[in-house]
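Enquirer: 3D model of this:
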Amino acid sequence: MNKGVLTALLSILLAQGFKIPLHYIKRKEWKPELFFQTGGMPSSHSAGVASLTTFIALKKGVKTIDFALSFIFGLIVMYDAQGIRRQTGELTLKVNSLDELVRKAHEKESVEFEEKKPKRLKEMLGHQPQEVVGGALLGLVMGSLGFLLSKKNRQRKRFFVR
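Expert: Take a look at the predicted model:
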């Protein structure tokens with residue numbers, strides 16, 4: 001198994017898992033479904049790319065093409081998570097509030113009509129900058145742990161093979 005990929009995937013899962021207790025601490029509301037949603041603290045996008053980049057940096061060094069690719073693509077992912085995706089989420093909030101505005105405007109209308117309730121758009125798509133930083137810090141820790149654990153495993157295997 002590719003230990004870098006495993007480290008990144010575990011970081012993503014851990015970040016998603018952290019969203020539930022952090023939301024509870026902040027809002028006093030238990031929402032396990034947050035595990036399967038985008039947005040929120042910490043950013044699993046940032047955690048995944050930061051842990052992979054950290055793992056590569058420690059295993060192969062920062063002067064390698066592997067690190068360069070991971071670092072640049074990681075920056076793009078983190079920028080996108082808090083930039084474009086965040087703006088999309090804010091636009092979605094406004095679109096969803098239009099439904100309420102239209103409903104209020106029709107309350108004064110005397111003509112009856114049948115209105116189908118549209119499905120609300122998902123509002124938490126992107127991340128605030130602090131959520132991206134939180135995910136990146138989690139990824140840094142997880143990438144370091146992944147590297148250290150894989151290094152210890154290698155040393156243990158060498159000990160038993162001799």
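Enquirer: how far away is residue 99 from residue 37?
Expert: Per Cβ to Cβ, to the nearest Å, residue 99 is found 21 Å from residue 37. The C-beta positions use only the backbone N, C-alpha and C, and glycine is treated the same way.
Enquirer: nope, residue 2 is what I was after
Expert: 27 Å.
Enquirer: the two: which has the busier surroundings?
Expert: Higher neighbour count among residue 2 and residue 37: residue 37, with 14 against 9, using other Cβ atoms under 10 Å.
Enquirer: quick one: low-confidence ranges for the protein?
Expert: By pLDDT under 70, the low-scoring segments of the chain are 85-87, 89-90, 104-126, 155-162.
Enquirer: give me the nearest residue to the residue positioned nearest the centre of the chain, chain neighbours excluded.
Expert: Centroid-nearest residue in the chain: residue 44, 2.5 Å away (criterion: Cα atoms, centre = their mean). Excluding the flanking residues, the one nearest residue 44 by Cβ to Cβ, 6 or more residues apart in numbering is residue 15, at 3.8 Å.
Enquirer: tell me the buried residues in the strand or helix carrying that neighbour?
Expert: Following DSSP states H and E, one finds residue 15 within helix 3-27. Under the neighbour-count criterion of 16 or more other Cβ atoms under 10 Å, helix 3-27 has 3-4, 7-8, 10-12, 14-16, 18-20, 22-23 buried.
Enquirer: again with stretch 129-149
Expert: For stretch 129-149, using 16+ other Cβ under 10 Å, the buried residues are 131-136, 138-147.
Enquirer: could you tell me which of the residues you listed belong to helices?
Expert: Judged by DSSP state H, these include 131-136, 138-147 as members of helices.
Enquirer: related to what we said a few turns ago, next helix or strand past the helix holding residue 15?
Expert: Heading C-terminal from helix 3-27 (DSSP H and E), you reach helix 44-60.
Enquirer: what is that next one packed up against?
Expert: helix 3-27, helix 65-82, helix 129-161 (3 or more Cβ pairs under 8 Å, 6 or more residues apart in numbering; DSSP states H and E).
Enquirer: many thanks, we can stop here.
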